[in-house]
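K.L.:
Just a sequence and a predicted model for now, questions to come.
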Amino acid sequence: MLTTSGMALVVFVFASILMLAEGLQKTLVETGSYDNVVVIRKSSVSEVQSGVDRLQASIIETQPEVALGANSHLLLAKELVVLISLPKRGSDKPSNVVIRGISESSLMMRPQVKLVEGRMPRPGSSEIIAGNSIAKRFKGSGIGETLRFGMRDWTVVGIFDAGNTGFSSEIWGDAEQLMQAFRRPVYSSILFKLRNSPEFEKFKTRIESDPRLTLEAKRETRYYKDQSEIMAKFLRIMGISLTIIFSLGAIIGAMITMYAAVAHRTGEIGTLRAIGFQRTSILSAFLIESLLLGFSGGCIGLFFASFLQLFTISTMNFQTFSELAFNFSLTFEIIYKALLFSLIMGFVGGALPAVRASRMNIVESLRAS
Amino acid sequence: MYILKIISKNTLRHKLRTFLTILGITIAILAFGLLRTLISAWYSGVDASSASRLVTRNSISLVFPLPLSYKEKIRQIEGVKLVSYGNWFGGIYIDEKNFFANYAVEPKIYLDLYPEIIIPPDQKMAFYRDRKGAVAGRKLIAKYGWKLGDSIILKGTIFPGNWEFVIRAIYYGRDKTVDETAFFFHWDYLNENMKKTAPLRADQVGFYMIGVTNPHIAAEVAVAVDKTFKNSLAETLTETEKAFQLSFISMIEAIVIAIQLVSLVVIVIIMAVVANTMAMTARERFGEYAIFKTMGFRGWHIAGMIFGESLLITMVGCAVGITLTFPVAHIFATELSTYFPVFNVNTKTICLDIAAALIVGVVAALFPTYRAIRIRIADGLRRIG
């Protein structure tokens, strides 16, 4: 019993860390679309550090690769991204939140983002909409409430749902208004949809070698993947080292139990051998027992880990320095990995005791009883 | 005396089982110690902060600057002794992987504010004289194999361009809590370049460091500073250095809490392992306990034997684990210096280690003891059969 629960705990930790890393990656990868291009200042790494002045922005606007939407509107958004620090509901602790100044086409290029409550902010007004995970967790960001920053009060007129993407942790408002409020005369990034997806390379080389521009272009998917790299690596390193340490503990536990089981049944083993069972049968009997032990531990661990999907983790992404909320996500690969892992633990823990059992001398083991 | 002898003999009865259990505890204590050290590494900035220093930044968030003109206004506020200022530079050395903290600061007063940063006087003078000069921490110098007089290039992320610096001084910390992996240089160097390339961004600073005359009035000074700039274009947020550092930790609170939970889970797992061992051991010896009782030993004698054995095993494991924590922490410190500039095992961690081992030993012995004491002599003797 104790051994199984120990193994269950280990599998629980193993699975939950995998789920966490998976959830983080999913969130950041799903944030981007492959056909969208983000243009930021060269070597600025993220939108927050970047700055694109109006002249450069209009050069990008006139590039032939930019797609046209309905009623021949350009599918291009000049956006502003800054961090503001907002207090959380309940604890009042401040955290950095991304606030994004959007243009008309911003929403069209991000089909993952849907308005669920209220309406879009009117251009030219002090109105904002908040992502659902922000609205829930930060003071003054629910619908109808106001936030104060940049010497103005901003009314939250809508809540948007962006599913499992990073946009759920953002606040959106009119770019021009926000630029005024923050006294920041430059955009942070230009986002546009490619007319023709394979044209990306051509576009990239052209703008990166244009002497008028100090910009670089990345596909949106790539951009968000780069942003999660350090965090995902950190989680992975932590997860692997924790799992190794934990599994050593659990293997030792399994070994102790199996050795005791072998010692306990010395007489039985002798009897079995005496009535003609082979050494290999004894070996496999004990191995199977230990594998079963591991497997049941694994199932219990996974069972509890699956409840973690109900939780949302919010933390600061080291790279962008802003709040990011993500879920634990359980995939078939994780289930399969966790069960395999529990079987390996059972096998390693049971192997030595099983070998000892199979090597026992018939006469001596019968005498021992 | 005899009870000690019987405990140690009992412990050695199943050498393999005892060895495995001790090994398990060693690993658990080692893991627990390392996780606790990891948490304290996060808090190292908080421990290193001084009560007489205040940090002033833009109240919107860290990414917004403050005008340089605030410096004189802050200096006039009562209780302010020293004012320095700087910018987070965020430069990249060759590749993004080589992360280290780099700041542009006004150096003379900054170094007065930080008496724990120690620089040899001749190097300090050399640094002051060279506008492109930079100071780097001892560990950072060792990591990249720099020497005094080397020139290095940082690629600016916030301030575009390639920036050239000459290492003029190496600093080391007065004690172990000081981060020795930071890099700082003249703010004027940054500002003069910004004047040329982006005049709108010149004369802007990221933060002010304020030294107060007396730590007791720090809170009042902070309020006074924020009041001075209330309703201006750049409102300020002033807090003690400690609160400033804590605000970073609170942003990654979820991770800190997760690690704390995990460190508890380690202990629970090992508790299960030790309890399993003790339960098996006691079950095998019920007959003996019955004999002891027959001879007139009381319940507490038997309890003493079980508790003694359990504690002996956990304590040996704990001792080995603690001894191993130091070399392993050292390896981690060198490997993870990018993430955690300060990674020291502190005495609190060791105390927690010992406390955890004690709890495991006691809890593991509880149930078997209860069974052993409750068992009736006749039943115990019958079990031998």
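P.N.:
Perfect, thanks for sending it. Numbers count the residues shown, from 1 in each chain, chains lettered A, B, ... in the order given.

K.L.:
show me where the stretch 201-350 of chain A has helices.
P.N.:
Remark: helices assigned in the stretch 201-350 of chain A by DSSP state H, counting those that start in this stretch are A:220-264, A:266-274, A:279-306, A:332-358.

K.L.:
CA atoms only: put the second one into CSV for me.
P.N.:
Just to be clear, that refers to helix A:266-274. The C-alpha trace of helix A:266-274 is given here as CSV (Å, rounded to 0.1, in the frame of the first residue of the first chain):
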residue,chain,number,x,y,z
THR,A,266,11.2,-18.1,1.0
GLY,A,267,9.3,-21.3,2.0
GLU,A,268,6.8,-20.8,-0.8
ILE,A,269,9.5,-20.3,-3.4
GLY,A,270,11.2,-23.5,-2.2
THR,A,271,7.9,-25.4,-2.5
LEU,A,272,7.3,-24.0,-6.0
ARG,A,273,10.7,-24.9,-7.1
ALA,A,274,10.4,-28.4,-5.5
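
K.L.:
Including mean neighbour count, could the helices of the stretch 201-350 of chain A go into CSV?
P.N.:
Using the backbone N, CA and C atoms, a C-beta is placed for each residue, glycine as well. What follows is these, written out as CSV (neighbours: other Cβ atoms under 10 Å in any protein chain shown):
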stretch, mean neighbour count
helix A:220-264, 20
helix A:266-274, 17
helix A:279-306, 19
helix A:332-358, 19
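
K.L.:
so can I have TSV of those showing mean pLDDT and distance to B:K227?
P.N.:
Formatted as TSV, the helices of the stretch 201-350 of chain A follow (pLDDT from 0 to 100; distance: least, Cβ to Cβ, whole Å):
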stretch	mean pLDDT	distance to B:K227
helix A:220-264	80	38
helix A:266-274	86	82
helix A:279-306	89	51
helix A:332-358	88	54
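
K.L.:
Any regions of the stretch 51-200 of chain B where pLDDT drops low?
P.N.:
For the stretch 51-200 of chain B, no stretch is flagged by pLDDT under 70.

K.L.:
Which positions in it make contact with chain A?
P.N.:
B:59-64, B:90, B:92, B:96, B:155-158, B:160, B:200 (Cβ under 8 Å from any Cβ of the partner chain).

K.L.:
try it again with 10 Å
P.N.:
Contacts of the stretch 51-200 of chain B with chain A, taken as Cβ under 10 Å from any Cβ of the partner chain, map to B:57-64, B:90-92, B:96-97, B:99, B:155-162, B:198, B:200.

K.L.:
domains of the chain?
P.N.:
Since you didn't name a chain, this refers to chain A. In the assignment given by automatic domain parsing, the structural domains of chain A cover A:2-27+A:226-368, A:36-193.

K.L.:
wrong one, chain B
P.N.:
Split by automatic domain parsing, chain B gives B:2-44+B:253-382, B:60-234.

K.L.:
Just send the ones you listed back as JSON lines, with distance to A:G249 too.
P.N.:
Shown next, in JSON lines, are the domains of chain B (distance: least, Cβ to Cβ, whole Å):
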{"stretch": "domain B:2-44+B:253-382", "distance to A:G249": "5"}
{"stretch": "domain B:60-234", "distance to A:G249": "30"}
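
K.L.:
Would you format these as a markdown table with mean neighbour count included?
P.N.:
Conversion of these to a markdown table gives the following (neighbours: other Cβ under 10 Å):
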| stretch | mean neighbour count |
| --- | --- |
| domain B:2-44+B:253-382 | 19 |
| domain B:60-234 | 17 |
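
K.L.:
and of the ones you listed, who's closest to A:S306?
P.N.:
The minimum distance between A:S306 and the domains of chain B falls on domain B:2-44+B:253-382, with 17.6 Å, by Cβ to Cβ.

K.L.:
Return the distance of that closest one from the chain's centre.
P.N.:
In terms of Cα atoms, centre = their mean, to the nearest Å, the centre of domain B:2-44+B:253-382 is set 25 Å apart from its chain centre.

K.L.:
dump the residue contacts of A:M7.
P.N.:
A:246-247, A:249-251, A:253-254, A:293-301, A:341-342, A:345-346, A:349, B:269, B:272 (Cβ atoms under 10 Å, 6 or more residues apart in numbering or on different chains).

K.L.:
quick one: the helix or strand bottoming out on mean pLDDT in chain A to helix A:220-264, angle?
P.N.:
Among the helical and strand segments of chain A, the one scoring lowest on mean pLDDT, DSSP states H and E is strand A:312-317, with a mean of 76. Interaxial angle of strand A:312-317 relative to helix A:220-264 (axes from the mean of the first three to the mean of the last three Cα atoms, to 10 degrees): 120 degrees.

K.L.:
Give the burial count for the residue lying closest to A:E145 once chain neighbours are set aside, as a bare number.
P.N.:
Using Cβ to Cβ, 6 or more residues apart in numbering or on different chains and skipping the chain neighbours, the partner closest in space to A:E145 is A:V156 (5.4 Å). If you count neighbours by other Cβ atoms under 10 Å in any protein chain shown, A:V156 ends up with 24.
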